[in-house]
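Enquirer: Next come a sequence and a model predicted from it.
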Amino acid sequence: MSSMLCPCSPVLTDSCREELRALALEAGAVACGFAEADTLPAEATARYDRWIDAGRHAGMAYMERHADLRRDPRTLLEGARTVMVMAFSYAARQRHPLFADYALGTDYHDALRARADSIAAAMRSRHGGETRVCVDTAPLRERHWAVRAGLGFTGLNNQLIIPGFGSKIFLTEILWTVGVPPDAPCTASCLRCGACLRACPGKALDADGSALDARRCLSYLTIEHRGDFPDGAPRPAAGQRIYGCDICADVCPYNSPEALAAATAATLPEFAMRPAVESLKSTADIAALTPDSFAAIFRGSAVRRARLAGLHRNAGASPDGDARP
């Protein structure tokens, strides 16, 4: 790849855009695209506001804040002209009976920020401007920008789906004050087969794909929710994961064996299952965790977000209240 600087101009050339895309793919991304930073369409903002007003964000109060920032990425980085969106696979080479696929290795916030920071530094060095890296850490409508940048489309399960790789991906964005020719938005669409609607344990998905009700989503309830499970809410059953839920992704036709094979081959080594996590075989092992052993096993892991009290609660959430064998 050439390291030649592009001529100083308001917008980079197409060849420079492809050079940057290649840089992202070399860093482990399965897809990369570019969109012009501007205000979200009014309907996209209104749909989000209706979701908040209906209380479907459950206890995630942070999603109510920074409405102005969510509407326009230029408020996150003054002078931003480009949203660069990258997708990284977390498809598990080895699955775990208790933990969602995305949480088996290093916390994706840390792993992907390190890679994105390196890419952003190269962008500034080669072409100037200022950057801001976002790894699910800023009020940015990630799936909207991923669609706009041509990476994929949003399915009935509310996940971003990348044709050929499926939905087991993390999104990472770099806001940049340098203009880049935008990619065409993705025009592919969900098959609307309804497999995810039928399989969801809490029936948290709307039939039209318009929203997900976090109050009935096992991922939210087992990770974000604090305290006892609400009355009437779903809870992990025997044979289900106690941290997160992959069911709506597992049944999706876009996560076909071929797509999963491609995604798994591209999964970063940071996301491989840790031996200490693999050693936890049953809910009885979870029930036996102490603060010290929890801290040692899950240091630098996304599982820490649930806290030890959350894992203990989840492990004992069978109907009889006992930790399941």
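Expert: Good, I have the coordinates. Since we're looking at a predicted model, the values are computed, not measured.

Enquirer: Report the secondary structure state of the residue nearest in space to the middle of the chain.
Expert: Here the mean C-alpha position of the chain is nearest to the C-alpha of residue 170 (Cα atoms, centre = their mean), at a distance of 4.1 Å. Per DSSP: H, G, I helix; E, B strand; the rest coil, the local secondary structure of residue 170 is strand.

Enquirer: residues in contact with it?
Expert: Residue 170 makes contact with 87, 88, 89, 90, 102, 108, 112, 135, 136, according to Cβ atoms under 8 Å, 6 or more residues apart in numbering. Placement of C-beta: from N, CA and C, glycine included.

Enquirer: Quote the end-to-end distance of stretch 65-85.
Expert: 23 Å (Cα to Cα, to the nearest Å).

Enquirer: Now do that stretch, average pLDDT.
Expert: Average pLDDT, stretch 65-85: 94.

Enquirer: how distant is that stretch from the center of its chain?
Expert: 18 Å (Cα atoms, centre = their mean, to the nearest Å).

Enquirer: Stretch 85-99 now?
Expert: Distance, centroid of stretch 85-99 to centroid of chain: 11 Å (Cα atoms, centre = their mean).

Enquirer: From one end of that stretch to the other, what's the distance?
Expert: Stretch 85-99 end-to-end distance (Cα to Cα) = 27 Å.

Enquirer: From the contact counts, what lies against the lowest-mean-pLDDT helix or strand in the chain?
Expert: Within the chain, confidence by mean pLDDT, DSSP states H and E is lowest for helix 67-71 among all helices and strands, at a mean of 90. Helix 67-71 is packed against helix 42-53, with contacts defined by 3 or more Cβ pairs under 8 Å, 6 or more residues apart in numbering; DSSP states H and E.

Enquirer: number of nearby residues for the closest residue to residue 99 other than its chain neighbours?
Expert: With sequence-adjacent residues excluded and distances taken as Cβ to Cβ, 6 or more residues apart in numbering, residue 99 is closest to residue 243, at 4.7 Å. Residue 243: 25 surrounding residues under other Cβ atoms under 10 Å.

Enquirer: Just the buried residues of the host helix or strand of residue 295, please?
Expert: Secondary-structure assignment from DSSP states H and E places residue 295 in helix 291-297. By 16 or more other Cβ atoms under 10 Å, the buried positions in helix 291-297 come out as 294, 297.
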